[in-house]
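Asks: 3D model of this:
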Amino acid sequence: MTAIGLGFRVKSGYAVAVAVRGPASAPTLVARRIVELCDPAVAQTRQPYHAALHAHEHDAQALGRRIAIVKRCADQSVAALLDNDVFADADCRGAALVVGSVIDPATVANPHIRAHASEGALFRDVLRDALRARGLRCDVFTEKQLAASATAGLHRGESVIKRVVAQFGRAAGAPWRAEEKAASTAAWMMLPASRVDSATSRRES
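Replies: Here you go, the predicted model:
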């Protein structure tokens, strides 16, 4: 079976998803998608913890309704993503989520910043739960730690990783932004690496 790794850059209300086919020594990008984690018809589900521009929502019923919609949208979007022909007869065991922060919202004093932290945690968790429900292992990386984690996990220097990710971008075409770069790096990290791959990559770095 062909090995496929999945990577996501999680944002507020959606995620950029990238699928990369192995082997890890010579990865190729095979899919790029926007995965909706909210309902476009219900505007409040993109920022469910915002009561107003600079306020945190405290209405438990309103929050409950919005969070239920977010969970449903995440589950439906992940199901549609994995139903793509790219994953037919492929071995996809893991996904990596790249997030802005893993801070506990309860530790944030400012209501507006706490609302953003709550949404970051929500969209990360619903996406991870939907993937795990379908048997995929999920790793989570913050954007700041991604580069160091990639060099350690892929046994390659940062310049080599950037060159391969740039090749992914040329294959995918525009747009190829920071979100796509992060998602594709994370997807590559999910590919199983053989001992030969690791030895070769150490020489390349």
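
Asks: show me where pLDDT drops low in this protein?
Replies: Applying pLDDT under 70 to the chain flags residues 53, 194-205.

Asks: if you set the cut-off to 80 instead, what comes out?
Replies: When residues are selected by pLDDT under 80, those of the chain lie in 1, 52-55, 93, 193-205.

Asks: what are the ranges of the helices in it?
Replies: Using DSSP state H, the helices of the chain run over 60-82, 111-132, 143-154, 158-172, 178-189, 195-204.

Asks: helices or strands up against the second one?
Replies: Contacts defined by 3 or more C-beta pairs under 8 Å, 6 or more residues apart in numbering; DSSP states H and E place helix 111-132 against strand 2-10, strand 50-52, strand 55-56, helix 60-82, strand 94-99, strand 137-142. Heads up, the C-betas are built off the backbone N, CA and C, glycines and all.

Asks: between these, which gets nearest to residue 183?
Replies: Among these, the nearest to residue 183 by C-beta to C-beta is strand 2-10 (4.1 Å).

Asks: Provide the strand pairings for that closest one, with the direction of each partner.
Replies: The strands that strand 2-10 pairs with in its sheet are strand 14-21 (antiparallel), strand 90-91 (parallel), strand 94-99 (parallel) (by DSSP bridges).

Asks: Let's have those strands in JSON lines, adding distance to residue 106 and mean neighbour count.
Replies: Listed next are the strands paired with strand 2-10 as JSON lines, based on distance: least, C-beta to C-beta, whole Å; neighbours: other C-beta atoms under 10 Å:
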{"stretch": "strand 14-21", "distance to residue 106": "24", "mean neighbour count": "24"}
{"stretch": "strand 90-91", "distance to residue 106": "39", "mean neighbour count": "14"}
{"stretch": "strand 94-99", "distance to residue 106": "17", "mean neighbour count": "25"}
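
Asks: who touches residue 138 in this structure?
Replies: Counting by C-beta atoms under 8 Å, 6 or more residues apart in numbering, residue 138 makes contact with 94, 95, 96, 97, 128, 131, 132.

Asks: now residue 5, which residues is it bridged with?
Replies: For residue 5, the beta-bridge partners are residue 20 (DSSP bridges).

Asks: how close does it get to residue 149?
Replies: 14 Å (C-beta to C-beta, to the nearest Å).

Asks: if you count what's nearby, which of those two comes out ahead?
Replies: residue 5 (24 against 18; other C-beta atoms under 10 Å).

Asks: Now do the contacts for the closest residue to residue 77 other than its chain neighbours.
Replies: Leaving aside its chain neighbours, residue 77 sits nearest to residue 35 (4.6 Å; criterion: C-beta to C-beta, 6 or more residues apart in numbering). Counting by C-beta under 8 Å, 6+ apart, residue 35 makes contact with 8, 14, 15, 16, 17, 74, 77, 78, 81, 127.

Asks: any idea how far the second one is from residue 5?
Replies: Right, the one you point to is residue 14. Taking C-beta to C-beta, one finds residue 14 at 20 Å from residue 5.

Asks: hmm, back to that, any common contacting residues for residue 5 and residue 149?
Replies: Overlap of the contact sets of residue 5 and residue 149 (by C-beta under 8 Å, 6+ apart) consists of residue 189.
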